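# Sharing a sequence plus its predicted fold:
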Amino acid sequence: MKVIHVSPTYFEDSSFIGGGERYTLELARAMSCVTETELISFSERPGVEKIGDLTIRLFKPWFYLKGQKITPFYPPFIKALKNSDIIHCYQYHTLTTSLSILYGKLLRKKVFVTDLGGGGWDILSYYGITGSFIDGFIHISKYAGDLYSKYKTRHYVIYGGVDTTKFYPLAIKRERKVLFVGRLLPHKGIDYLINAIDKDIKLTIIGRPYSSEYFEYLKKLTYGKEVEFIIDADDEALLREYNTASVFVLPSVYRTIYGNYTNVPELLGLVVLEAMACKTPVIVTNVASLPELVIDDKTGFIVKPNEPLALKEKIYLLMNDPQRLREMGGNAYQLIKEKFLWNRVVDNVTRIYKGFI
C-alpha cells in the first residue's frame, strides 16, 4: 500500500501554520516505517528530500492565489499522485486539496482529508462540490470532527502523537518557571498568561511573532516581570525548556483581546502533548480540543478562557506544591504512553485506509 500525503504548506523556516504543518510531517514520517509513504508539499526551495524512509517532494508554486501562502498554484503536482493507493490531503478548503480529490476520483484512488484549521481560496470545497468524492474525513480531535457534522457518516478521529525520541524527561532540575510554546498570535491568549504571572515567577515564551502589533503589546505587558521571549528555538532547545519548566500553559481563547472571534483556535495542540511527554504538568483553557488532551486535576488543569485569575490560581497551586507537581507530571507522561504516540496514530490511520481497499 502506497500512501501519499498532500499538504499546501511545508514545515520549514517559513512555516505559515506551525503545528499543523508539523503534524503532517510527523504523521507521514511515522507512517513511512510501516508502509511506502511520500509527502507532497510546496516550497520556494523545490526538490526531493529523504527523512529516513519518507520521501518528500517539494514543488515551487507558479504563484499564490490571492497572495495566500496556503493556496499555492501549481497544477502539475497532481502527476506525482498517479502511483498512489491512498491520497491523504490536509486542509480541506484549499485548491490543492480539491485538485487532489478530483484527480483521485478520476483514477479511482481512495481519498481522505484531515483539516488542520487552515483555509484559503477554494470555490470547489466551499460549494460542496468535492465533499461527496471523499472516502473519509480523518480528524485530529472530536472537536475538529464536530465542525464537519454534515459528513458525520464518514468521520474518524485519530488524534496526534509525540516523537519520544525528541521529547522525553531529562534528569535535570526544574525551575520556578512557566512555559508557553506556540505562534505569537492573539488567539493563543498569551496576554492573559502574562497578566497571570507575578514577578516572583519566570515566564518563558517560545514562538515566532506573526503580528508585530501583538508582539509589541505583549512586550509592554511584561514591564516589571521576569519574562523571556525566544523566537528561534529548535527541538533541542525545546526539549530543555519543557524539562526545566515547572508548568506548561496553553491559554488559547475564542475571542481575542481585539474582539476578533475564531472557532478553531486549537484543533489539537501538539505542544501540550510534547510538554506532557517531558513529565511537565499542563494548564489549558476550556477551548476547542484542549479539554480532550488533559485529565483535569490529574495530568494538569483546565480553566476558563480569558481569565488571568483562573490561570494564576492553578499556576501558584502547582508551584507551591512540589509533590503534586511531580505526581501530575508523572500522570501526564503515562497518558502520553497510553494514548498519544505516533505508532498508535499510524495503526489507527492504516486500519481506516485498509477498510477501503
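Yep, that arrived.
# low-scoring pLDDT stretches of the protein, where are they?
In the predicted model, the chain carries pLDDT under 70 at residues 13-18, 125-127, 152-153.
# quick one, domains of it?
2-161+341-354, 177-339 (automatic domain parsing).
# residue ranges of the strands in the stretch 251-357 of the chain, please?
282-285, 300-303 (DSSP state E, counting those that start in this stretch).
# Now that we have those strands, can you turn them into TSV and tack on mean neighbour count?
No exception for glycine: its C-beta is placed from N, CA and C like everyone else's. Below are the strands of the stretch 251-357 of the chain laid out as TSV (neighbours: other Cβ atoms under 10 Å):
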stretch	mean neighbour count
strand 282-285	26
strand 300-303	24
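# Quick check on the closest residue to residue 221 other than its chain neighbours: phi, psi?
The shortest distance from residue 221 to any non-neighbouring residue, by Cβ to Cβ, 6 or more residues apart in numbering, is to residue 194 (4.4 Å). Backbone torsions of residue 194, given as degrees, to the nearest 10, read phi -60, psi -40.
# what's near enough to touch residue 194?
By Cβ atoms under 8 Å, 6 or more residues apart in numbering, residue 194 lies in contact with 203, 218, 221-222, 225, 227.
# Swap in 7 Å and give it another go.
Counting by Cβ atoms under 7 Å, 6 or more residues apart in numbering, residue 194 touches 203, 218, 221-222, 227.
# can you check residue 114 too?
Contacts of residue 114 (Cβ under 7 Å, 6+ apart): 88, 90, 138-140.
# so of those, which ones are in strands?
88, 90, 138-139 (DSSP state E).
# Show me which of those residues are buried.
Buried residues within these, counting neighbours by 16 or more other Cβ atoms under 10 Å: 88, 90, 138-139.
# JSON lines please, covering those and showing distance to residue 267.
JSON lines is the format used below for these (distance: Cβ to Cβ, whole Å):
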{"residue": "88", "distance to residue 267": "16"}
{"residue": "90", "distance to residue 267": "11"}
{"residue": "138", "distance to residue 267": "12"}
{"residue": "139", "distance to residue 267": "8"}
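# do you know how far residue 302 is from residue 205?
21 Å (Cβ to Cβ, to the nearest Å).
# returning to that earlier point: closest one to residue 71 out of the ones in strands among the contacts of residue 114, please.
Residue 71 lies nearest to residue 90 out of those, by Cβ to Cβ, at 13.3 Å.
# so who does the closest residue to that closest one other than its chain neighbours touch?
Excluding the flanking residues, the one nearest residue 90 by Cβ to Cβ, 6+ apart is residue 7, at 4.5 Å. Shown in contact with residue 7 (Cβ under 7 Å, 6+ apart): 21, 24, 39, 41, 90.
# which of the residues you listed lies closest to residue 213?
Among these, and counting by Cβ to Cβ, the member closest to residue 213 is residue 21, at 23.9 Å.
# can you map out the helices along the stretch 1-150 of the chain?
Counting by DSSP state H, counting those that start in this stretch, the stretch 1-150 of the chain has these helices, from start to end: 19-31, 95-106, 123-126, 142-146.
# how distant is the first one from the center of its chain?
On the basis of Cα atoms, centre = their mean, to the nearest Å, helix 19-31 sits 9 Å off its chain's mean C-alpha point.
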